[in-house]
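In: got a predicted model here, sequence first, then my questions.
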Amino acid sequence: MLKIIGRIMAILLVAGALTAATNVAVNNGVFGSRLGGEREEHERNERDGAPNSLSARYPALGVAVGLLPTVLKLGVLGVATVQAGNLAKRLRRRPAAPTPASGA
Amino acid sequence: MVTESRKRTITTGIIDVVLLVLFIGAAEPRPTGILWHEWLGIAFGVIAVVHIYRSWDWIVATLSRVFAQQTVTTRFSLVLNILVFVSMTLAVVSGIAISREALETLGIEWLTNNAWRGLHGLSAEAAVILVGIHIAMHWKWIVNLVRRTPIAGTVEA
């Protein structure tokens, strides 16, 4: 039990240290102060969502369609990484071409 | 007979699926609405700690050999996982900092600087890219897990 608590505390400690460092950076204006004038519009957009007739009629469908871009991004990146990994493996396995000096 | 190791793999698989669903649900605030977005994000943060906890042995083993000779894949995984951790922590923390509904329910107010808002968008976008690669790095493990489910019809004896 102590081991579990210790490990979780360690994870939270690292996350906490990162948070504290970010907080200091934010308060010292490292990231600037964005969205100043746009803040209200940004908040309104976030709160109201993206109204359209489809999501108004079928809320579940609206949510599914809205989440699609994230799923697609994950999928495309996933497939690209897997393919890049396969290609790298294939290139490593490929035997070296015989050189003229080898007499082949 | 299901072995201990098999049980552990299945539990890890279930936790990872829950984590992915929470991540996708929390990634877009518009379709779900801000309240769901915030609570899904907080739930994601909690389950993410469990996910990291369950990878403890790998983390310790890899970090202890950080200067030793390692395969390119292991080294890449280590860097990637550190970046995923940083982006996720920043996304969750900045999300809590700019939270309106969830923290209001708990009676907490944090937002001191608007920069948290920009940081939230940036870290969340980075997280989507990094998570895509993170999942791909474990693709073989995922495929093996799915193949061995009862639905796939190849249950281990």
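Out: Perfect, I can see it now. Residues are numbered from 1 along each chain as shown, chains lettered A, B, ... in the order given.
In: and the closest residue to chain B within chain A, which helix or strand is it part of?
Out: When scored by CB to the nearest CB, chain A has residue A:66 as its residue closest to chain B, at 2.3 Å. For glycine as for every other residue, the C-beta is placed from the backbone atoms N, C-alpha and C. Element membership for residue A:66, per DSSP states H and E: helix A:59-93.
In: quick check, pLDDT for the residue of chain A closest to chain B.
Out: pLDDT, residue A:66: 78.
In: that one and residue B:32 touch, don't they?
Out: Yes. Counting by CB atoms under 8 Å, residue A:66 does reach residue B:32; the two are 7.3 Å apart.
In: just to revisit the earlier point, what about the closest residue to the residue of chain A closest to chain B other than its chain neighbours, neighbour count?
Out: Nearest non-adjacent residue to residue A:66, counting by CB to CB, 6 or more residues apart in numbering or on different chains: residue B:31, 2.3 Å away. Look at residue B:31: counted by other CB atoms under 10 Å in any protein chain shown, it has 24 neighbours.
In: element containing residue B:31?
Out: With elements taken from DSSP H and E, the one containing residue B:31 is helix B:29-32.
In: that helix - what's its average pLDDT?
Out: On average, helix B:29-32 scores 83.
In: helix or strand right after it?
Out: Helix B:29-32 is succeeded, C-terminally, by helix B:34-54 (DSSP H and E).
In: which residues touch the residue most central in space within chain B?
Out: What sits nearest the mean C-alpha location of chain B, by CA atoms, centre = their mean, is residue B:48, with 4.9 Å. By CB atoms under 8 Å, 6 or more residues apart in numbering or on different chains, the contact set of residue B:48 is B:19, B:88, B:92.
In: can you check residue B:124 too?
Out: B:27, B:87, B:91, B:95.
In: quick one, which of those are buried?
Out: B:27, B:87, B:91, B:95 (16 or more other CB atoms under 10 Å in any protein chain shown).
In: how close does residue B:91 get to residue B:72?
Out: Using CB to CB, to the nearest Å, residue B:91 is found at 28 Å from residue B:72.
In: residue A:4 now?
Out: Distance from residue A:4 to residue B:72, counting by CB to CB: 33 Å.
In: quick one on the thing from earlier: got the contacts of residue B:48 as a markdown table, with neighbour count, secondary structure and distance to residue A:77 columns?
Out: A markdown table is the format used below for these (neighbours: other CB atoms under 10 Å in any protein chain shown; DSSP: H, G, I helix; E, B strand; the rest coil; distance: CB to CB, whole Å):
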| residue | neighbour count | secondary structure | distance to residue A:77 |
| --- | --- | --- | --- |
| B:19 | 17 | helix | 17 |
| B:88 | 24 | helix | 16 |
| B:92 | 23 | helix | 21 |
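In: look up how far residue A:20 lies from residue B:93.
Out: Remark: distance between residue B:93 and residue A:20 (CB to CB) = 10 Å.
In: again, but for residue A:58
Out: For residue A:58, the distance to residue A:20 - CB to CB - is 44 Å.
In: sounds good, over and out.
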